[in-house]
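A.B. asks: Predicted structure and sequence below. I'll ask about it afterward.
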Amino acid sequence: MTEIGALGTEEADPRTAALDAMPVEEILRAMNAADAGVASAVAQAVPEIARAVELIVAARQRGGRLIYVGAGTSGRLGVLDAVECPPTFGTDPGEVIGLIAGGDDAFAHAVEGAEDDPALAAKDLHAIGCNATDVVVALAASGRTPYAIGALRHGRSVGATTIGVSCNRHAELSTHADVGIEIETGPEVVTGSTRLKAGTAQKMVCNMLSTATMVRSGKVYGNRMVDMKPTNAKLVDRACRIIADATGVDPATAATLLAAAEGNAKTAIVMQLAGVDAVEARRLLDDADGFVRAAVRE
């Protein structure tokens, strides 16, 4: 295993060697310049990210879950992506899960030492019944965090699909994964503070994994989040605008359709486009595996 001090994410960036002597605006411009390279670094790993998405979609089709696992910032980013899936895509809370070393309390407060215990990851995955239908995505900026490696080892032991996301090349994490996603983000503005560029890169990868998976699972029509849950006034308004945009009806008609569809924008859209009632719209969607475009035979 590569020594921690030899990792690219642990190197000192000579461009910020005098960071403490810089005026505020110069500090911010240095951070902005560093961040500007993150997207291009992620772009280099798109083939591996695409392969991971294909595996996650296949797992969902057989009833499997997407399980993010990580420690510290990496763990928090996985939890963040998981908790946003139900309101955005209408998924059940059990379909996308985020586990962080040290348990739920570690999201807001650091739990020292938890990331160093690979057995703890196996215990956490066992507790949620991780099995061969699932996909375990382990996140670790260093690519060598024991908790993340322990998660992939346990995933493999039960036959789950395994994916590693790290921010260094030749990561130990990748050797335990069916797909290794390595984003070379390099030195941080503040040496070793991987909540910065490395954190941004991991967030981008999580965004891509969950969003592309949900698009390929019928959760999006065009670029509209048609399975979103309108759980407050703002989201009800958004759902109505989605219906109006997708079908060309006026706002009042969109609201009527949403009510008739019992708050489900996807059903409302199919009702209007196919000229059917809510019951028939749901049947058409079921027959089309949830894809609006197929349900209305576009």
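C.D. replies: The structure has been received and is ready for your questions.
A.B. asks: For the residue nearest in space to the middle of the chain, give me its contacts.
C.D. replies: By C-alpha atoms, centre = their mean, the chain has its centre lying nearest to residue 206, at 3.1 Å. Counting by C-beta atoms under 8 Å, 6 or more residues apart in numbering, residue 206 touches 68, 77-78, 80-81, 139, 165. (Glycine included, C-beta is placed from N, CA and C.)
A.B. asks: one more time with 7 Å, if that's ok
C.D. replies: Contacts for residue 206 (C-beta atoms under 7 Å, 6 or more residues apart in numbering) come out as 77-78, 81.
A.B. asks: any idea which of those is closest to residue 54?
C.D. replies: For the contacts of residue 206, the closest approach to residue 54 (C-beta to C-beta) belongs to residue 81, at 18.2 Å.
A.B. asks: The closest one contacts residue 68, correct?
C.D. replies: Yes: if you go by C-beta atoms under 7 Å, residue 81 and residue 68 touch, sitting 6.4 Å apart.
A.B. asks: When those two are compared, which one has more neighbours?
C.D. replies: Taking neighbours as other C-beta atoms under 10 Å, residue 81 and residue 68 compare with residue 68 leading, 29 against 24.
A.B. asks: mind checking which helix or strand the more buried one is in?
C.D. replies: Residue 68 belongs to strand 66-70 when assigned by DSSP states H and E.
A.B. asks: Residue 239 too?
C.D. replies: Using DSSP H and E, residue 239 maps to helix 233-247.
A.B. asks: Now do that helix, average pLDDT.
C.D. replies: Averaged over helix 233-247, pLDDT sits at 96.
A.B. asks: Counting by contacts, list what it packs against.
C.D. replies: Counting contacts by 3 or more C-beta pairs under 7 Å, 6 or more residues apart in numbering; DSSP states H and E, helix 233-247 packs against helix 251-260, helix 265-274.
A.B. asks: Mean neighbour count, mean pLDDT and distance to residue 85 for those - can I get that in CSV?
C.D. replies: Output for the helices and strands packed on helix 233-247, formatted as CSV (neighbours: other C-beta atoms under 10 Å; pLDDT from 0 to 100; distance: least, C-beta to C-beta, whole Å):
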stretch, mean neighbour count, mean pLDDT, distance to residue 85
helix 251-260, 17, 97, 21
helix 265-274, 26, 98, 16
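A.B. asks: picking that back up, list just the nearest of the contacts of residue 206 to residue 100.
C.D. replies: Of all the contacts of residue 206, residue 100 sits closest to residue 78, with 7.2 Å by C-beta to C-beta.
A.B. asks: ok, now how distant is that closest one from residue 85?
C.D. replies: In this view, residue 78 and residue 85 are 11 Å apart by C-beta to C-beta, to the nearest Å.
A.B. asks: Would you mind telling me which of the two has the busier surroundings?
C.D. replies: Neighbour totals were compared for residue 78 and residue 85, and residue 78 leads with 29 against 22 (other C-beta under 10 Å).
A.B. asks: Verify the stated contact: that one with residue 139.
C.D. replies: Yes: counting by C-beta under 7 Å, residue 139 is a contact partner of residue 78 at 5.3 Å.
A.B. asks: Could you tell me which residues touch both of the two?
C.D. replies: Common neighbours of residue 78 and residue 139, using C-beta under 7 Å, 6+ apart, are 68, 70.
A.B. asks: Mind checking what secondary structure the closest residue in space to residue 87 that isn't next to it in sequence has?
C.D. replies: Nearest residue to residue 87, sequence neighbours excluded (C-beta to C-beta, 6 or more residues apart in numbering): residue 229, at 5.4 Å. Classification of residue 229 by DSSP: H, G, I helix; E, B strand; the rest coil places it in coil.
A.B. asks: what residues are up against residue 232?
C.D. replies: By C-beta under 7 Å, 6+ apart, no residues touch residue 232.
A.B. asks: An error on my part: the question was meant for residue 95.
C.D. replies: Shown in contact with residue 95 (C-beta under 7 Å, 6+ apart): 65, 85.
A.B. asks: repeat that with 10 Å
C.D. replies: Listed by C-beta atoms under 10 Å, 6 or more residues apart in numbering, the contact partners of residue 95 are 60, 63-66, 82, 85-86, 89, 214, 217.
A.B. asks: Among those residues, which one lies nearest to residue 241?
C.D. replies: Proximity of those to residue 241 was ranked by C-beta to C-beta; the top entry is residue 89 with 17.3 Å.
A.B. asks: didn't the closest one look like it was pressed against residue 216?
C.D. replies: No: contact between residue 89 and residue 216 fails when scored by C-beta atoms under 10 Å: they sit 11.5 Å apart.
A.B. asks: neighbour-wise, which of the two wins?
C.D. replies: When residue 89 and residue 216 are compared for neighbours, residue 89 comes out ahead with 23 against 17, by other C-beta under 10 Å.
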